[in-house]
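Participant: sequence and computational prediction follow.
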Amino acid sequence: MATTPQAATRTTAARRHRFAAFLVDNLILLAANTAIGLVLGIAGQPEADEADYLTTLLNPYAEADWPLQIAIIAAGAAYFWVQHALWGQTLGKRLYRLKVVSAGTGATLTHRQVGIRTLVHPLLSSAAPYLGPVLYLVDALWIFGDPGRRCLHDVIAGTVVVDVPAPGTKASRRSGFLIGLVVLVSVFAAFVLVTTLLAA
């Protein structure tokens, strides 16, 4: 009975806030992946043409450095699983005051829900050869067709991302500024990455 008012008054997170939180989390993971690559001593990789890059994108185990890919996939899965299991929030979600809760009750996530969420994204979408990129795309686009603004992994796990607390005027201004800042940093990081790849 106590969870009914909470479920009734919660505000589903805006798509733009989820996207901004997603960018923050991925920037953090990009930095972590770079550190993993340096620790494992795989700094220089052989040059590859576009076909080789596409093959690697579709199948993370196609290259000789597949142990690095497994380490990166494991780090990404741990990043989301641990934080969602403990707090229902990643660092990106904390920044934008978002939280993952049970869709039916608004209660804290169960371990089963956290496991299912992590299994669909990021684990299968990163680790499954050929199917992974398709699942990743479907999962990301699902939010635009779902009336509850949920990704596919939310639908399967029975979860929803909500605002915590409900945004006020000041919070909205702050969110707008942070979204712009994150988008700007992300575009710059993407530019640096693409320039580095083209130079190699």
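Facilitator: Sure thing, it's come through. Numbers count the residues shown, from 1 in each chain.

Participant: every contact and neighbour count from this point should use C-alpha atoms.
Facilitator: Noted.

Participant: list the contacts of the residue nearest the centre of the chain.
Facilitator: The chain has Phe22 as the residue nearest its centroid, 4.8 Å off, counting by CA atoms, centre = their mean. Listed by CA atoms under 8 Å, 6 or more residues apart in numbering, the contact set of Phe22 reads Gly92, Lys93.

Participant: give me the distance between it and Lys99.
Facilitator: 13 Å (CA to CA, to the nearest Å).

Participant: overlap in contacts of the two?
Facilitator: Lys93.

Participant: any low-confidence regions in the chain?
Facilitator: 1-9, 41-53, 166-200 (pLDDT under 70).

Participant: which parts of it are helices?
Facilitator: 3-9, 15-39, 50-58, 66-86, 91-95, 111-118, 125-127, 131-145, 152-157, 169-199 (DSSP state H).

Participant: rewinding a little: could you check how far the residue nearest to the centre of the chain is from Thr56?
Facilitator: From Phe22 to Thr56 the distance is 23 Å (CA to CA).

Participant: likewise Glu63?
Facilitator: 7 Å.

Participant: same deal with Phe80?
Facilitator: 23 Å.

Participant: do Thr159 as well
Facilitator: 32 Å.

Participant: what of Thr108?
Facilitator: Noted for Thr108: a distance of 38 Å to Thr56, by CA to CA.

Participant: same question for Asp65.
Facilitator: 10 Å.

Participant: between these two, who's got more neighbours?
Facilitator: Set Asp65 next to Thr56 and count neighbours by other CA atoms under 10 Å: Thr56 wins out with 17 against 13.

Participant: who are the contact partners of His84?
Facilitator: With CA under 8 Å, 6+ apart, His84 has these contacts: Thr90, Val100, Leu109, Val114.

Participant: ditto for Trp66
Facilitator: Contacts of Trp66 by CA under 8 Å, 6+ apart are Pro60.

Participant: for Asp163, same thing?
Facilitator: Counted by CA under 8 Å, 6+ apart, Asp163 has contacts Arg10, Thr11, Thr12, Ala13, Arg97, Leu98, Lys99.

Participant: ok, now Thr110?
Facilitator: Per CA under 8 Å, 6+ apart, neighbours of Thr110: Ala85.

Participant: nearest residue to Gly132 other than its sequence neighbours?
Facilitator: Of all residues not flanking Gly132 in the chain, Ser125 sits nearest, at 3.9 Å (CA to CA, 6 or more residues apart in numbering).

Participant: how many neighbours does that neighbour have?
Facilitator: 22.

Participant: correct me if wrong: it contacts Ala140.
Facilitator: No - using CA atoms under 8 Å, Ser125 is not in contact with Ala140; the gap is 10.4 Å.

Participant: measure stretch 112-130 end to end?
Facilitator: Span of stretch 112-130 from end to end, CA to CA: 26 Å.

Participant: just how off-centre is it within its chain?
Facilitator: 11 Å (CA atoms, centre = their mean, to the nearest Å).

Participant: residues in contact with it?
Facilitator: 58-61, 70, 73-74, 76-77, 80-81, 84-85, 131-136, 139, 153-154, 156-159.
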